[in-house]
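Visitor: show me the folded form of this:
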Amino acid sequence: MSDPLDGARWRVDQGDCLELLRGLPDGRGAAIVTDPPYGLDFRGSEWDDHIPDWLPGARRVSGVVVFTTDPTTMWDYPRPDWVCCWYREAANSRSVIGGFAHWSPVLVYGHPKFRVDSIKLHAIRHAERRGFEHPTPKPLALMRWLVEASCPEGGMVCDPFCGSGSTGVACLSFGRRFLGIELSSEYAARARRRLEFAEQGLNAPPPESTEVLGGLFATPP
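Guide: Now for the predicted structure:
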C-alpha cells in the first residue's frame, strides 16, 4: 500500500474531506480519529448546519473509525460496533432539556483496543488558554485517549475534520503519524503551526510569541 505521507511524520491538507478521502488508498492502514460537525447549528455557524456524508469514505479508508458526537445526533449514523463515553463534569454547554450536558458519546466502528470504554475529564481542569482558536476544541487528553486506543505505535491516524490540530498533537506525543484534512484554510494554517511546535517537543510557542497552544477546552456543541 502506498504511503500518503511519503515517510513524513505529519501533514495537513486543506480541502473538502469528501473529496480528499477518495484519494486515499483502500485498506486498514490509517485509523480515523475525528470530531466532525454535529449538525446542531452551533451558535449559528454555517459549518455546523448539517452532518456531511463523510463516514462511508472514512470506513473505506480504515477498518477503525472513532469520533465524538452529540447524544441527540448519534442516531443519525449507522449502528456502531460500540459506544464509548466521555464524561465531562463541569461542562459549559447546555443540553436540550436545560441542564448542562455532562457526557458525550464516542462512536466506534471496528475494533480498537480501549482498556475501558469511558474517560472522565473535568471540563475546567483540562482547559488552557487559547491561541490557535477554534469554536469547539476538544481536550488534548481526550484525543490522546482515542489515538492510543485506535492506532498502534508507529501507525498513521487521519482526521478528516482536524480543526486546530488537537488530534495531530496527540499523535506526535504518542509516536503516531498524522494526516489532517481541514476545509478552512485559516484553521488548516493554525493546525500546521501548532504541529510545528509539537514536532519540536514544545508545549507552547517560543517565549517571544504572544500565541499559546489552544484546542484544550471541553466545549462541544
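Visitor: low-confidence ranges, this structure, go.
Guide: Low-confidence segments of the chain (pLDDT under 70): 1, 28-29, 39-49, 90-95, 97-100, 123-137, 202-221.
Visitor: what ranges does it have for its helices?
Guide: 17-20, 55-61, 140-150, 166-173, 185-199 (DSSP state H).
Visitor: which other helices and strands contact the third one?
Guide: This points to helix 140-150. Under the contact criterion of 3 or more CB pairs under 8 Å, 6 or more residues apart in numbering; DSSP states H and E, helix 140-150 touches strand 30-34, strand 65-68, strand 118-120, helix 166-173. Every C-beta, even on glycine, is put in place using the N, C-alpha and C of the backbone.
Visitor: could you dump these to a markdown table with distance to residue 109?
Guide: Formatted as a markdown table, the helices and strands packed on helix 140-150 follow (distance: least, CB to CB, whole Å):
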| stretch | distance to residue 109 |
| --- | --- |
| strand 30-34 | 8 |
| strand 65-68 | 4 |
| strand 118-120 | 18 |
| helix 166-173 | 17 |
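Visitor: which among the ones you listed is found nearest to residue 24?
Guide: Residue 24 lies closest to strand 30-34 among the helices and strands packed on helix 140-150, at 7.2 Å (CB to CB).
Visitor: any chance of JSON lines for the helices and strands packed on helix 140-150, columns mean neighbour count and distance to residue 179?
Guide: JSON lines is the format used below for the helices and strands packed on helix 140-150 (neighbours: other CB atoms under 10 Å; distance: least, CB to CB, whole Å):
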{"stretch": "strand 30-34", "mean neighbour count": "27", "distance to residue 179": "7"}
{"stretch": "strand 65-68", "mean neighbour count": "24", "distance to residue 179": "14"}
{"stretch": "strand 118-120", "mean neighbour count": "14", "distance to residue 179": "24"}
{"stretch": "helix 166-173", "mean neighbour count": "26", "distance to residue 179": "9"}
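Visitor: verify the stated contact: residue 198 with residue 167.
Guide: No: using CB atoms under 8 Å, residue 198 is not in contact with residue 167, being 11.1 Å away.
Visitor: pretty sure residue 199 is touching residue 10, no?
Guide: Yes: between residue 199 and residue 10 there is a contact at 7.1 Å, judged by CB under 8 Å.
Visitor: more crowded one of these two?
Guide: residue 10 (23 against 14; other CB atoms under 10 Å).
Visitor: not counting its neighbours along the chain, what's nearest the more buried one?
Guide: Excluding its sequence neighbours, the residue lying closest to residue 10 (CB to CB, 6 or more residues apart in numbering) is residue 178, at 4.1 Å.
Visitor: just give me the neighbour total for the one you found.
Guide: Other residues within reach of residue 178, judged by other CB under 10 Å, total 30.
Visitor: quick check: it vs residue 162, distance?
Guide: 8 Å (CB to CB, to the nearest Å).
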